[in-house]
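**Q** Here's a sequence, model it:
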Amino acid sequence: MHLQQPETFDAVVVGSGVAGGWAAKELTEKGLRTLVLERGRPLEHGAGYADEHKQAWDFPLRNRHRDPEHAPSQRVQSRIPWLDGAALRFYQDDTEHPYVEGAPYTWIQGGRVGGKSLLWGRHCYRWSDLDFEANLRDGHGVDWPIRYQDIAPWYSYVERFAGVSGETLGLAHVPDGEFQPPMPLNAGEEFLRDGILRRYPDRRLTIGRVAVLTRPIGDRAPCHFCGPCERGCSTGSYFSSLSSTLPAARKTGRLTLRTRAMAHSVVYDDATRRAAGVRYVDLDTGDLREARARVVFLCGSTLGTTRVMLHSTSARFPDGIANDSGALGRHLMDHHYQLGATGELPGLLDRYYEGNRPVGYYIPRYRNLAGPRSDRLDFVRGYGHQGSVWRAGWGRGAGERGVGEALKRRLRDAGPWSVYMGAWGEQLPDPANTALLDAEQKDRWGVPLLRVTARWGPNEHAMRRDARAQMAEMLEAAGCRAVDSHDNDGKDAGYGAEPGLCIHEMGTARMGRDPRTSVLGAFNQAHAVPNLYVTDGACMTSSACQNPSITYMALTARAADHAVAELNRRNL
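**A** Have a look, this model is predicted:
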């Protein structure tokens, strides 16, 4: 590849998703001319959501989940259980950006501007010191260099801009935030909530806390419960960088967004001992380009960022930039899930609900709240629950006996209430879970592929056994009938509950107090390269059991504030 003439900016941000959008907004609003490099294709908010409100019969296969045979270039992306055909256009082409599975691992990748902020489930739960102190207390991993008080103001900052709706609970281990009014539970969820609370006073069922508006923010309208969130949200009711942070950055006049631009490596300057900029590949021409800058933010998703850092070698960093500790590419974590329980609620046949509410219920963690194995269990850390309660509609007729007028009359009214409860559990940091460059295989541009090798350990398996039993017990205690539980781990020839499938990958360039055991310091700043910041999931030191995106947002806003202050002090 021929290296083109370099361009110069104040800052370069790799990635335009949840973290990259926040970095772009904060850096431009603080006066920095900022280049955002996005590997995906262009997408315009609103106009780009062509299939947003189409009906199922307007799609091939009635828009059911696409079998990989129907999407041969997206076989990995098609592993997602809930994916429909209309949403596949927002995901990456696996043949253009492959990777190597050292063990079964599903790497879900965004393929458009906005990245996975267009695809996420929008759940937003703050972490507490139960999470930030967990490694120190039980000896797994290294200690976080921050505590809740360090990030709490930044949680508030990003919540007010993004718009998070939810119910305050007063639980110390899942702190309340800056919430818009919560969406209401339906009658079946209230029945389940009350039944669980009678038996388990420490288990609180609430509506999920989500980055979906119930009150307007600027030109973003409240959710109108139309339903197909995974196809894009033209009203901007749910938070994405495409509808929120990138427009804010664009308004400053200091944003340059470049699509089809794949980060190749971070350029290191031996004389200044700083990052000098980023090299990237123009995917349409194959040209290698360089953007120089005073500060670099890597926000290209956990595995994308890790690949760039490992490929950024020099005499000073032969094993990847900022990798003095050898921790880069190790301690890969995800949340384990794909297990749950189902049942049928009795009665409530005179109750119903309207609209397609974009969130279900949530039950915060209730295990080991006082410390390691405080519940005398055979595992540390814990898990939370998400689920839904609904009434069967006319579609149930496809599985019922009958024909003609009698069947139609029976399907005119809603069917019984059903409940689903799933578990999302924490994974411990383990150096054996890795994302490293493959020694032989490269992509079409000559960049080594990432080889991902990760497995659930004994602690995760013990946690799954407990969660499965507890979910069945809770449904039975609430009065549900026909209760059944399941665990998909190990199904489908290794693909069913493998790491990566939860799309909460994190941990491969972790924060820490000691440069000998971590890559980043307390402000997401590389220990050895002070003008290099990593604020996507790669920075995480442990995984907790809550959805992590709101923490990425808060860490990014905090890091950008720190970077600009350091630039102004001439420390970078």
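**Q** just checking, residue 12 is part of a strand?
**A** Yes. Residue 12: assigned to a strand according to DSSP: H, G, I helix; E, B strand; the rest coil.
**Q** excluding its backbone neighbours, what's nearest it?
**A** Here the nearest residue to residue 12 in space, its sequence neighbours aside, is residue 293; by CB to CB, 6 or more residues apart in numbering that works out to 4.3 Å. (C-beta placed from N, C-alpha, C; glycine too.)
**Q** what's near enough to touch the one you found?
**A** Neighbour list for residue 293: 8, 9, 10, 11, 12, 35, 275, 276, 277, 278 [criterion: CB atoms under 8 Å, 6 or more residues apart in numbering].
**Q** Next, count neighbours for the last one.
**A** Which is residue 278. A count of neighbours around residue 278, defined by other CB atoms under 10 Å, yields 27.
**Q** same thing with the fourth one?
**A** Using other CB under 10 Å, residue 11 is surrounded by 28 other residues.
**Q** can you check the first one too?
**A** By other CB under 10 Å, 12 other residues sit near residue 8.
**Q** my guess is it contacts residue 292, does it?
**A** Yes. Between residue 8 and residue 292 there is a contact at 4.8 Å, judged by CB atoms under 8 Å.
**Q** For residue 250, give me its contacts.
**A** residue 257.
**Q** element containing it, please.
**A** helix 245-251 (DSSP states H and E).
**Q** now that helix, how far from the chain's geometric center?
**A** Distance of helix 245-251 from its chain centroid, counting by CA atoms, centre = their mean, to the nearest Å, is 21 Å.
**Q** Then stretch 119-131?
**A** 9 Å.
**Q** which secondary element of the chain has the worst mean pLDDT?
**A** Counting by mean pLDDT, DSSP states H and E, the chain has its least confident helix or strand at helix 404-411, which shows a mean of 81.
**Q** Now tell me what touches it from outside.
**A** Applying CB under 8 Å, 6+ apart, the contact partners of helix 404-411 are 394, 396, 397, 400, 402.
**Q** buried subset of these?
**A** In terms of neighbour count (16 or more other CB atoms under 10 Å), the buried residues within those are residue 397.
**Q** Tabulate the contacts of helix 404-411 in TSV, adding columns for secondary structure and pLDDT.
**A** Shown next, in TSV, are those (DSSP: H, G, I helix; E, B strand; the rest coil; pLDDT from 0 to 100):
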residue	secondary structure	pLDDT
394	helix	73
396	helix	75
397	helix	75
400	coil	76
402	coil	80
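**Q** Any chance of the contacts of helix 404-411 in CSV with distance to residue 119 as columns?
**A** Below are the contacts of helix 404-411 laid out as CSV (distance: CB to CB, whole Å):
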residue, distance to residue 119
394, 30
396, 29
397, 32
400, 34
402, 39
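**Q** farthest pair in the contacts of helix 404-411?
**A** Greatest spacing in the contacts of helix 404-411, by CB to CB: 394 and 402 (12.4 Å).
**Q** what residues go with each domain of the chain?
**A** Domain assignment of the chain by automatic domain parsing yields the ranges 1-40+113-163+244-334+431-449+505-572, 171-227+336-425+457-487.
**Q** tell me the mean pLDDT over the first one?
**A** To tie it back to what came earlier, the one meant is domain 1-40+113-163+244-334+431-449+505-572. For domain 1-40+113-163+244-334+431-449+505-572, mean pLDDT is 97.
**Q** Alpha carbons only: can I get the next helix or strand after the least confident helix or strand of the chain in PDB?
**A** Proceeding N to C from helix 404-411, the next assigned helix or strand is strand 417-425, under DSSP H and E. Coordinates of the C-alpha atoms in strand 417-425 are reproduced here as PDB (Å, rounded to 0.1, in the frame of the first residue of the first chain):
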ATOM      1  CA  TRP A 417     -50.300 -14.500  29.900                       C
ATOM      2  CA  SER A 418     -46.700 -15.900  29.500                       C
ATOM      3  CA  VAL A 419     -43.500 -14.900  31.300                       C
ATOM      4  CA  TYR A 420     -39.900 -15.200  30.400                       C
ATOM      5  CA  MET A 421     -37.000 -14.500  32.700                       C
ATOM      6  CA  GLY A 422     -33.300 -14.600  31.600                       C
ATOM      7  CA  ALA A 423     -30.000 -14.200  33.500                       C
ATOM      8  CA  TRP A 424     -27.000 -12.100  32.700                       C
ATOM      9  CA  GLY A 425     -23.900 -13.000  34.700                       C
END
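**Q** Show me which residues of strand 417-425 are buried.
**A** Buried residues in strand 417-425, counted by 16+ other CB under 10 Å: 417, 418, 419, 420, 421, 422, 423, 424, 425.
**Q** Excluding chain neighbours, what is closest to the third one?
**A** Spelled out, that is residue 419. residue 389 (4.7 Å).
**Q** Could you do the last one as well?
**A** On the basis of CB to CB, 6+ apart, the spatially nearest residue to residue 425 that is not a chain neighbour turns out to be residue 383, at 3.7 Å.
**Q** Dihedrals phi and psi, that neighbour?
**A** When read as degrees, to the nearest 10, the backbone of residue 383 gives phi -150, psi 160.
**Q** quick one: it and residue 458, what's the gap?
**A** Distance from residue 383 to residue 458, counting by CB to CB, to the nearest Å: 15 Å.
**Q** How about residue 248?
**A** Distance, residue 248 to residue 458, by CB to CB: 45 Å.
**Q** do residue 518 as well
**A** For residue 518, the distance to residue 458 equals 25 Å [CB to CB].
**Q** returning to what we had before: with neighbour numbers in mind, choose between residue 383 and residue 458.
**A** Neighbours per residue, other CB under 10 Å: of residue 383 and residue 458, the larger number sits with residue 383, 28 against 10.
**Q** how close does the more buried one get to residue 473?
**A** Computed as CB to CB, the residue 383 to residue 473 distance reads 14 Å.
**Q** got it, and residue 503?
**A** As judged by CB to CB, residue 503 and residue 473 stand 29 Å apart.
**Q** just residue 520 next, same as before
**A** Applying CB to CB to residue 520 and residue 473 gives a distance of 41 Å.
**Q** Compare the two (neighbour count), which wins?
**A** residue 520 (28 against 16).
**Q** Give the bridge partners for the more buried one, please.
**A** Note on residue 520: beta-bridge partners by DSSP bridges are residue 511, residue 526.
**Q** Do I have it right that it meets residue 539?
**A** Yes. Checked against CB under 8 Å, the pair residue 520 and residue 539 is within contact range at 5.5 Å.
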